[in-house]
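A.B. asks: sequence plus predicted model, see below.
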Amino acid sequence: MTVFGLKAAEREAVLVERLAELTEHHRAACPPYRGILDAIGAAPPYEHVADLPWLPVRLFKTHELRSVPAERVFRVLTSSGTTGQRPSRVHLDREAAAAQTRMLAATLRVVLGERRLPMLVVDSRSVVRDPALSARGAGVLGMMNLGRDHTFVLDEQGRVDAEAVKCFLARHGSERFLIFGFTFMVWLYLRDLGADLAHGVLIHSGGWKRLAEQAVDNAEFRRRLAAECGLSRVHNFYGMVEQIGTIFLEGPGGDGLYCPDFADVVIRDPETWAEAPPGEPGLIEVVSTLPTSYPGHVLLTEDLGVVRGVDDGCWPGKRFEVLGRLPRAEARGCGDTFGRG
Amino acid sequence: MEDGPALEVRFPAATAVLVAGLLAQLGDGEPLLVGDERVRAFLAAFGRRLLRPASARRHPELGSLGFFLRPSELTRTVEALGGAHIRVPRGLVFHIPPANVDTVFVYSWALSALMGNRNVVRLSPRAGVVTEVILDTLHEALAEADPVIGATQRIVSYDRSDAVTAALSAACDLRVVWGGDGSVREIRRHPLAPHARDLTFPDRSSFAVVRAAAWLGAPRAARVGAAEGFVNDGYWFDQAACSSPRTVFWVGTHGECDSARGDFTDHVERVVAGRGWTVDAAMAVEKRVATYGLAVDGVAERIEFRGNALASVTLTDPAAAPRRWLGAGTFAHARLGGLAELVPLVERRDQTMTHFGFGRDELEELARGLAGRGVDRMVPMGGALSFHRVWDGVDLPVEFTRLVTVTG
């Protein structure tokens, strides 16, 4: 069963109903969320997904928002957050935690297949051992559920462990295997291995900022990995801790990020807040039916993106591209002092 | 290392110098007097250049600065000092202005120079375009000035260096710190000489008060004028200046306040649109985060956006007035039955109260009633950002001088 089956119109019909239900569920279960809806005057009916009230994703950094009582919180996830900022805190109950793991696996099944694959992790084992698990560590750990015979490309000191990779490839290199890593780690370490990764399926994420600084875009990334490691099955994904379990996965041809059936994106014009037509960049709003224990089902991100096409790619629905991050707002005047005089 | 840390002089001449050398240079030479004619002539020449149409049009804040430095104002400042004692300069004054408000250092330094002090102004290396314009203009004026100006005044910059800050702090007679609470704490780690003192201008916050009935009864032109003034106060520094109003208190009955506020918001929206002022996407998001956050905190009853540029928040309770910055063009509103209800709401950090519709006697009564709880300035709408020599409750020329008692 694939979760890439719904065309845009069907998806819209399914999602608007389910997300409207979730909006009312969170309104009843999360008084601070109700406070926002009341203050902005948001009320049903919602005809389109784009009509649903959204929360700025940063609100999960500044405030605690959950729709389950404290005693039912099973896990609290935190984001890395840039320096000087508080991390996001996302509260999961047992069901939400189970659902996110299940749906992440279901999403990746379309490229990984039904069986757990041997897994090469482009990172060091130490990132998952740290008791104060970093976002990177949590990401690696989450993905490790989907693989077996985990082998780390870097040793504990962060140096390439060529011997370990060689042994892994000797065991698994001739069958399909999974490679996971953060985009910039993949770029830094995978190309230099000199190994044949033709049977690998690479899943990577984490943003393009550091590669953009070296003028490496997605096309160049894919071209070089294919040329230098024989790696042709490459899938970037876009996702965030505030919508854990929901990832937007790059299609096999590299022609954009696709939405699983239980999620979608709305690109908004930041001046009018109306949905931007395909081809016009705007702020990315992500919607997902997974957040049941906290009101994170309709979130406005601070990422810019553009829809490249609808129902015209290898999988149905919208395909989109992430263009970069909105800069943090800063006052021209004095943030913390008196003004001109 | 034994020569001590170095810094870059930006005025009078662009050179690199060791801090010990800088202090030695400033120790030499003839002293200035309080209200020294040579300083007055220099400041007036500098101010005149700032008022040139090309400069004032491109950087309105330089126009205001030029206006502040006109000869009659300088004379008034000196003459206001009077008194039974002989007034003398403090000596060496070390100014630390904020990084991102370009004109602050000039107000602080100019008044201190006018009072006859030797000055060292520390400019942040991050200082903006306007700072460069100011420095160029100072150099132009210096060419015609008495050499004593160049000998006694220094504008310097250096990267965060504890050693330089420590040396200048130890050498000065008065240290003036403009900036947030954080920078004041940071600077205070460096001891002053036993006789020296600090003058600090930490984080402040400001609000507006409007008598609803007066608003409703005012002729249209007066309401438009007040809205224009309010927009200047609020938007000029992205509402982040300490004197930019963040909350508007409406005084009157529920009905009066609702109608007055509605009309006020319409006017403000028109003024903002008329000026073509917008906020960028990052600021628009910032305003949502901030205002939705107030709703989560339970203090925002209603949030209304008129485009991205104007956000209005109805507070559940006037006591919940937010002091922190909520993004450019975000105003909280609350109702009060009478002006006196402000008294328990005011905090020490409240600085400027812009007002509309109140008489001077009522305002004076309020000021007395506040009895130092907070509020240093009560000015009409539109006057929030006008610098005055009495700032944050401090008479700057007085602080920049000492008194000598002479009994015959």
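C.D. replies: On my side now, so go ahead.

A.B. asks: can we go C-alpha only for contacts and neighbour counts from here?
C.D. replies: OK.

A.B. asks: domain ranges for chain B?
C.D. replies: Per automatic domain parsing, the structural domains of chain B span B:6-203, B:205-390.

A.B. asks: distance from the chain centre to the longest one, please.
C.D. replies: Offset of domain B:6-203 from its chain centre (C-alpha atoms, centre = their mean, to the nearest Å): 15 Å.

A.B. asks: ok, the last one next?
C.D. replies: The gap between the average C-alpha position of domain B:205-390 and the chain average comes to 18 Å, counting by C-alpha atoms, centre = their mean.

A.B. asks: tell me the mean pLDDT over that domain?
C.D. replies: The pLDDT scores in domain B:205-390 average 96.

A.B. asks: wait, what's in contact with B:Gly338?
C.D. replies: B:251-252 (C-alpha atoms under 8 Å, 6 or more residues apart in numbering or on different chains).

A.B. asks: residue 272: how many residues sit nearby?
C.D. replies: In the absence of a named chain, this looks at chain A. By other C-alpha atoms under 10 Å in any protein chain shown, the residues close to A:Thr272 number 10.

A.B. asks: hmm, I had chain B in mind actually
C.D. replies: Other residues within reach of B:Val272, judged by other C-alpha under 10 Å, total 19.

A.B. asks: what's the closest non-adjacent residue to it?
C.D. replies: Nearest in space to B:Val272, with sequence neighbours left out and distances taken as C-alpha to C-alpha, 6 or more residues apart in numbering or on different chains, is B:Val231 at 6.9 Å.

A.B. asks: tell me the SS of the one you found?
C.D. replies: helix (DSSP: H, G, I helix; E, B strand; the rest coil).

A.B. asks: stretch A:281-290: how far from the chain's middle?
C.D. replies: How far stretch A:281-290 lies from its chain's middle: 11 Å, per C-alpha atoms, centre = their mean.

A.B. asks: centre of the chain to stretch A:306-315, how far?
C.D. replies: On the basis of C-alpha atoms, centre = their mean, stretch A:306-315 sits 18 Å off its chain's mean C-alpha point.

A.B. asks: wondering if that stretch reaches chain B at all.
C.D. replies: No - Stretch A:306-315 lies out of reach of chain B by C-alpha under 8 Å from any C-alpha of the partner chain, never closer than 15.4 Å.

A.B. asks: what's the end-to-end length of that stretch?
C.D. replies: 17 Å (C-alpha to C-alpha, to the nearest Å).

A.B. asks: quick one: average pLDDT of it?
C.D. replies: Average pLDDT, stretch A:306-315: 97.

A.B. asks: so the residue nearest to B:Val272 sits right up against B:Arg270, yeah?
C.D. replies: No - if you go by C-alpha atoms under 8 Å, B:Val231 and B:Arg270 don't touch, sitting 10.2 Å apart.

A.B. asks: which one of these two has more residues nearby?
C.D. replies: B:Val231 (23 against 15).

A.B. asks: measure that one to B:Val271 for me?
C.D. replies: 7 Å.

A.B. asks: wasn't A:Gly207 part of a helix?
C.D. replies: No - counting by three-state DSSP, A:Gly207 is not part of a helix but coil.

A.B. asks: wait, what's in contact with it?
C.D. replies: Residues counted as contacts of A:Gly207 (C-alpha under 8 Å, 6+ apart) are A:183-184, A:238.

A.B. asks: same thing but 10 Å
C.D. replies: A:182-184, A:236-239, A:322-325 (C-alpha atoms under 10 Å, 6 or more residues apart in numbering or on different chains).
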